[in-house]
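Peer 1: here is the input, now give the coordinates:
(one chain, ligands or ions: 1)
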Amino acid sequence: MINFNLNSLIRDNIKTIKPYSSARDEYKDITDGMVFIDANENPFNTGVNRYPDPQQTQVKKRLSELKGIPTNQILLGNGSDEVLDLIFRVFCEPYRENIITLPPTYGMYDVLANLNAVDNIEIELESDFQPNIEEILTAAHTHTKLLFLCSPNNPTANSFKAKRIEELINEFQGIVVIDEAYIDFSKKESWLSRLDEFPNLIITQTLSKAYGLAGIRLGICYASQEIISVLNKIKPPYNINQLSQDKALERLNAVDAVYNEMKTIITERKKLRKALKSIRFIEKVYPSDANFILVKVDDANQRYQQLVEQGIVVRNRTNQPLCDNCLRFSVGTEAENEKLIKTLIQLL
Ligand SMILES: *Cc1c(COP(=O)(O)O)cnc(C)c1O
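Peer 2: Numbers count the residues shown, from 1 in each chain. Below you'll find the model as predicted:
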């Protein structure tokens, strides 16, 4: 983006806000033998009687090693959902400004837009599920602050073409958020390696999918140091609890196991796609860069019900634009996938 001026995009109340200063913000140099009576904590040890590190130093340090991004360009949230909400709050003035999303896509962007009283301009993807650059740039105007690109996209499972993403980052006069929740399952490279080229780029990732930690709620935001420091100013002081920080660190220190699981899921995805193609009433199996597969069936509502009756719960996406009669299957274990296929074969 030419002539990028971050300050002109930030809401006035955020520019002047004075962040809450926690006890652990004011005194950080924790060494053994010191007495901490500054935070009204209970002194008796439960393992979690102390407030957690508000800056999640260790988790960020490990992420920084793994991803090659400095810790001051990382912000953690209580799931990507919190990260995305913070982004709305920094950039979008309620009742006045708007965002652009590209349906069919992740439902939370629209929920967060409504929550923040921000208009959501929806520009449908093209029939091949790629962003329509011309329409997006025509729809954007001075009050359009954020553009959400989910790549690989949920529920379509495809990645957007790099050239289109790059053109959008260059031409859009606001902040571009690339949601890379499924990037670990994709052959495409993450935009993290190009973060420093684009001052208006925010990349979000999560430990919920490839890292198998949906239960601890840990979302990750990567951006310029300037953007991260503004987000930091308004995040709840202790937004990542101690148990989540511990579990995240444990998993990030065992990446070999994580990579093995990812590989297995990708192998299973390939097998599952092939098997799905042979099912009589499945009309189309879309390519997948994620840990789920979108299929078009003869009657999604009927097939959804039949599967539930057989104890298999899938996601019915038939009411989404471009997703007529589409079901979304997450890739399960080998046994789960076999059960799915066996059940599908037997449906009338
Ligand atoms: C699952 C998913 C996320 C993850 O959200 P968390 O709040 O981190 O669990 C983010 N974006 C998309 C597109 C997803 O499908």
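Peer 1: distance-wise, check the closest residue to residue 118 other than its chain neighbours relative to the ligand.
Peer 2: Nearest non-adjacent residue to residue 118, counting by Cβ to Cβ, 6 or more residues apart in numbering: residue 92, 4.3 Å away. In short, each C-beta sits where N, CA and C put it, glycine included. As for residue 92, its distance to the ligand is 18 Å (criterion: Cβ to the nearest ligand atom, to the nearest Å).
Peer 1: okay, now residue 92: neighbour count?
Peer 2: Using other Cβ atoms under 10 Å, residue 92 has 26 neighbouring residues.
Peer 1: before we move on, what about the one 3 residues further on?
Peer 2: Under the neighbour criterion other Cβ under 10 Å, residue 95 is assigned a count of 9.
Peer 1: my read: residue 345 touches residue 279, true?
Peer 2: Yes. Under the criterion of Cβ atoms under 8 Å, residue 345 makes contact with residue 279 at 6.7 Å.
Peer 1: name the helices or strands packed onto the lengthiest helix in the chain?
Peer 2: Taking DSSP state H as the criterion, the chain has its longest helix at helix 255-277. When contacts are defined as 3 or more Cβ pairs under 8 Å, 6 or more residues apart in numbering; DSSP states H and E, helix 255-277 packs onto strand 282-285, strand 292-297, helix 334-346.
Peer 1: please identify the most buried of these.
Peer 2: strand 292-297 (a mean of 22; mean count of other Cβ atoms under 10 Å).
Peer 1: report the angle between that strand and helix 255-277.
Peer 2: If you take axes from the mean of the first three to the mean of the last three Cα atoms, to 10 degrees, strand 292-297 sits at 10 degrees to helix 255-277.
Peer 1: so who does the residue nearest to residue 118 touch?
Peer 2: Counting by Cβ atoms under 8 Å, 6 or more residues apart in numbering, residue 92 touches 11, 98-99, 113, 116, 118, 145-146.
Peer 1: give me the phi and psi for the spatially most central residue of the chain.
Peer 2: Centroid-nearest residue in the chain, with Cα atoms, centre = their mean: residue 181, separated by 4.0 Å. For residue 181, the backbone dihedrals (degrees, to the nearest 10) come out as phi -60, psi -30.
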